[in-house]
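Asker: Following is a predicted model, sequence given first.
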Amino acid sequence: MTEEKIYKVQICTGTLCHVMGGAELPALEEYLPKSLKSKVKVKGMVCANYCTETKLKPPFVLINGELMSEASIEKIVHYIQNCEENDTFK
Amino acid sequence: MTHSNNATLTRRELLIQLCKLLKEDTIEEQIDRIPLNMRPKGNQSLRCCIHKDRAVLKYKIMALLGFNIDDEIDELTSLRDYLHLAKERKVLTPTVMTVVDEACSSCQQGSYNVSNMCQGCEARPCAVNCPKDAVHFVKGQAEIDHEVCVNCGKCLQECPFHAIIYRPVPCEEACPVKAISKDEQGIEHIDYDKCIYCGKCMASCPYGAIMEKSHIIEIFQAWKSKEKIIALVAPSIVAQFRQSVPKIYNAIKKIGFSDIIEVAEGAEITIEHETEEWAERIHSGCQLMTTSCCHAYTELVNKHIPELQGKVSKTHTPMVYAGKLAKDRFPDAITVFIGPCTAKRHEAYFAKDIDYALSFEELGALFVANNIDLEEMDDKIDIQFAKKDAQFFAQSGGVSQSIKNKKGDSLKSELINGIDKASIRQLKQIAKGKTKSNFIEVMSCEGGCLGGVNSLIKGNQAAIVFQKNQEVISS
């Protein structure tokens, strides 16, 4: 039996991320295409200081541990779709 | 899909930078560096060059310091000089929004244009159906003569290739009352005799050229002089931070507000008076009454639908009653209304018990500047929470429901959920008596205050978060 692929999306719940557009990201689940609905798990994560320790811009999310800056719902969906198409699930 | 865009995010970033410097008390030395830090050398510019980008940011900061852009003294006046002037300022003005002319891109007047999708077909329904004979063909491609075109849009409807596009001027399109228009240079200006302060131009401008004049400097000055400041928090805050209400309130206290009064507590008084007033009016033979809690709506009536004036409730808004409660409880304190609305900032100027207004965006920036982690805030707070009926004032339909709860089915309500050109026509019909309802609730923003222009979470999402929180409160 093959293990099912689950994309774990962790959204930074820090205040900076929230104000700079992250407030909208928890709605991700509603905007997932049908084919991805059962494959994506959305969770919050405590601020890991990517905003102070990197030069990247908020809001931040981790997708299976991979950091995405300036995240938007569109960018996250696109990233996951890309992984699916190219079979690059991590 | 989502509401964020770079113009909004730039405004928020500026607010955060400004609040951080104010908090660290390094603003004197650093304020003129904000545009340079945000648009450093070597980075791609959004406009023609980084110098233009920086100039735009400078003027946006000027608005955040509470100035009209027209107040400019000299082009060389530094932000530091404006900061000094802002700190010395003793009075506010009722002008709550200002157009940053440097940022206004002078969008070409709204017009129909032929794109390169035009196939120059044989049918040419665009030309055949044009009532002004404004469409001609040059080298097999349609062209519209803008001198003759009356913007009726027939060509767009008729083209089988969807080759004709309409390019709007977003702020003019969004303004429900034609209060914003161009000067000879194409720069937009707000006509304050017509403006209802709904903020729709600000939310719609793709260049972020319309800015709200912030009271941040006044609030920091009050904190500095150790004055007691009371936060009057609008009920729509529940949908703003995806955190429990006590955590949000504790964060508000942590950044320097000494006490919190829920504006919903003021709404309880509004409900009492409005219910009574409605019943009295109907009893004395009046056909209908409209709400008065949305300031953009009452401005609309006063400036554009005077025939409705007699029908608008005389009951005060929840903010006004909450201000009164605050001044009764804390006579010497400064009162700050916290909400999602440009119109309330205008109303606050005239409300004697409200000193300043703070938007949800500004509150978010203050949280960031104070390193607030909402998650870590205490989930308990000892304040007087308002009743549930009153909390629902945040949502369209909330006012009607609260009166219905008291008066039952004798209240036949109709909801105007958002002020736009169509709903204004509808209100004009209502003024002529063309309605079967006896109570009209009007909210300028779609969804009510939950859809306020200065919200961090808007629309459908805000409604979901609001609902979830209400369930938590009642369980």
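Answerer: That came in fine, so what should we check first?

Asker: Show me what counts as buried in stretch A:48-58.
Answerer: Going by neighbour count (16 or more other Cβ atoms under 10 Å in any protein chain shown), the buried part of stretch A:48-58 is A:50, A:51, A:57, A:58. Backbone N, C-alpha and C define where each C-beta goes, glycine included.

Asker: contacting residues for the third one?
Answerer: It stands for residue A:57. By Cβ atoms under 8 Å, 6 or more residues apart in numbering or on different chains, residue A:57 lies in contact with A:20, A:69, A:70.

Asker: now do 6 Å
Answerer: A:69, A:70 (Cβ atoms under 6 Å, 6 or more residues apart in numbering or on different chains).

Asker: cool, and residue B:334?
Answerer: B:222, B:227, B:229, B:355.

Asker: Of those residues, which is the nearest to chain A?
Answerer: Nearest to chain A out of the contacts of residue B:334 is residue B:229 (Cβ to the nearest Cβ; 20.4 Å).

Asker: ok, so what distance separates the nearest residue to the closest one once chain neighbours are set aside from chain A?
Answerer: Nearest residue to residue B:229, sequence neighbours excluded (Cβ to Cβ, 6 or more residues apart in numbering or on different chains): residue B:334, at 4.7 Å. To chain A, residue B:334 is 24 Å away according to Cβ to the nearest Cβ, to the nearest Å.

Asker: And for residue B:53?
Answerer: Taking Cβ to the nearest Cβ, one finds residue B:53 at 16 Å from chain A.

Asker: and whatever residue of the stretch 251-400 of chain B ends up closest to chain A, what element?
Answerer: Nearest residue of the stretch 251-400 of chain B to chain A: residue B:364, at 3.8 Å (Cβ to the nearest Cβ). Per DSSP states H and E, residue B:364 falls inside helix B:360-369.

Asker: what packs against that helix?
Answerer: helix A:15-19, helix B:6-24 (3 or more Cβ pairs under 6 Å, 6 or more residues apart in numbering or on different chains; DSSP states H and E).

Asker: Most tightly packed of these?
Answerer: helix A:15-19 (a mean of 27; mean count of other Cβ atoms under 10 Å in any protein chain shown).

Asker: now it: how far from the chain's centre is it?
Answerer: 15 Å (Cα atoms, centre = their mean, to the nearest Å).

Asker: What ranges in chain A fall below the confidence cut-off?
Answerer: Along chain A, the parts satisfying pLDDT under 70 run over A:1-3, A:90.

Asker: need the residues of it near chain B, please.
Answerer: Within chain A, the positions near chain B by Cβ under 6 Å from any Cβ of the partner chain are A:15, A:16, A:19, A:20, A:21, A:23, A:24, A:27, A:73.

Asker: at 10 Å instead, please
Answerer: A:11, A:13-27, A:30-31, A:44, A:46-47, A:51, A:57-59, A:70, A:72-74, A:77 (Cβ under 10 Å from any Cβ of the partner chain).

Asker: Find the least confident helix or strand in chain B, judged by mean pLDDT.
Answerer: Least confident helix or strand of chain B, by mean pLDDT, DSSP states H and E, is helix B:459-474 with a mean of 83.

Asker: who's in contact with that one?
Answerer: A:23-24, A:26-27, A:30, B:2-3, B:235-245, B:248, B:340, B:385, B:388, B:391-392, B:394-396, B:445-452, B:455-457 (Cβ atoms under 10 Å, 6 or more residues apart in numbering or on different chains).

Asker: Over to stretch A:50-62 now: how far is its first residue from its last?
Answerer: 11 Å (Cα to Cα, to the nearest Å).

Asker: need the helices and strands packed on helix B:360-369 in a markdown table with distance to residue B:347, can you?
Answerer: Listed next are the helices and strands packed on helix B:360-369 as a markdown table, based on distance: least, Cβ to Cβ, whole Å:
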| stretch | distance to residue B:347 |
| --- | --- |
| helix A:15-19 | 25 |
| helix B:6-24 | 22 |
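
Asker: Select, out of these, the one closest to residue B:64.
Answerer: helix B:6-24 (5.7 Å; Cβ to Cβ).

Asker: any idea how far residue B:343 is from residue B:94?
Answerer: 12 Å (Cβ to Cβ, to the nearest Å).

Asker: Check residue B:389 too.
Answerer: 23 Å.

Asker: Likewise for residue A:74?
Answerer: Applying Cβ to Cβ to residue A:74 and residue B:343 gives a distance of 32 Å.
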